[in-house]
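Q: What would the 3D arrangement of this be:
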Amino acid sequence: MTMFSRIYVALLIVLLLASCKNEIADIRAITDASNLPIQTSYNAEYILSERGKVTNRLFAAKLEQFQGDDEYVLATGGVTVLFYDTLEQQEAKLTAKEGAHYSKDKRLIARDSVVLLSRKGEMLETEELIFLEDSARIYTDKFVKIVTANGSTLYGNGLVSNDSFTKWQIKKPHDGQIFINEDNE
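A: Residues are numbered from 1 along each chain as shown. Sure thing, here's the model as predicted:
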């Protein structure tokens, strides 16, 4: 073996050994049981009720339940949430690629290709939508596109709404005018 070959092999061995270095914090984070779901379900349904009446129904390709200080359920692979009124009639339908439900905060966050349809045919499209169960409110600070029941299309940044998407307001409309749908009081 030539001197050049020996130097090349030695350098290669040093590089290989250096690349195998693992940080203890990284190893602990990967192997820490608190970072792993306590339960995983496929093609799952999650029902939220209040006083014996169904208020929401969540369907997901994959549901993972995590425990700890901030317990949550992660829905991936496509998620659908149905919103019901006090008579358990469907008021709205939300679809997204993923979502998370935080039981402590009573908060649902839908992300990625979010579409919300109201009973009267209005449609909201955005990248993130947050639903607060306690106040029955939906909001986002992201870009929104709304197609109204009469076919008009509105654009803006941010939205606040009731959970049935019948009373809503675009926070920062793109045309500069504040638009509040006609069902608002």
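Q: gap between the closest residue in space to residue 173 that isn't next to it in sequence and residue 68?
A: Excluding its sequence neighbours, the residue lying closest to residue 173 (C-beta to C-beta, 6 or more residues apart in numbering) is residue 156, at 4.1 Å. In this view, the C-beta of every residue, glycine as well, is placed from N, C-alpha and C. For residue 156, the distance to residue 68 equals 36 Å [C-beta to C-beta, to the nearest Å].
Q: give me the low-pLDDT residue ranges for the protein?
A: 1-5, 8-34, 176-185 (pLDDT under 70).
Q: show me where it has strands.
A: Per DSSP state E, the chain carries strands over the ranges 39-50, 53-66, 72-84, 90-96, 98-102, 107-118, 123-132, 137-147, 153-162, 168-173.
Q: Just put the ones you listed in TSV and tack on distance to residue 6 and mean neighbour count.
A: Below are those laid out as TSV (distance: least, C-beta to C-beta, whole Å; neighbours: other C-beta atoms under 10 Å):
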stretch	distance to residue 6	mean neighbour count
strand 39-50	52	13
strand 53-66	52	18
strand 72-84	51	20
strand 90-96	58	19
strand 98-102	53	21
strand 107-118	53	20
strand 123-132	56	19
strand 137-147	59	18
strand 153-162	63	18
strand 168-173	67	18
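Q: okay, those strands in TSV with distance to residue 7 next?
A: Converted to TSV, the strands of the chain look like this (distance: least, C-beta to C-beta, whole Å):
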stretch	distance to residue 7
strand 39-50	51
strand 53-66	50
strand 72-84	49
strand 90-96	56
strand 98-102	51
strand 107-118	51
strand 123-132	53
strand 137-147	55
strand 153-162	59
strand 168-173	63
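Q: Could I get the contacting residues of residue 111?
A: 96, 97, 98, 99, 100, 127, 128 (C-beta atoms under 8 Å, 6 or more residues apart in numbering).
Q: One more pass at 6 Å, please.
A: 98, 128 (C-beta atoms under 6 Å, 6 or more residues apart in numbering).
Q: In the beta-sheet assignment, what are the partners of it?
A: Beta-bridge partners for residue 111, by DSSP bridges, are residue 98, residue 128.
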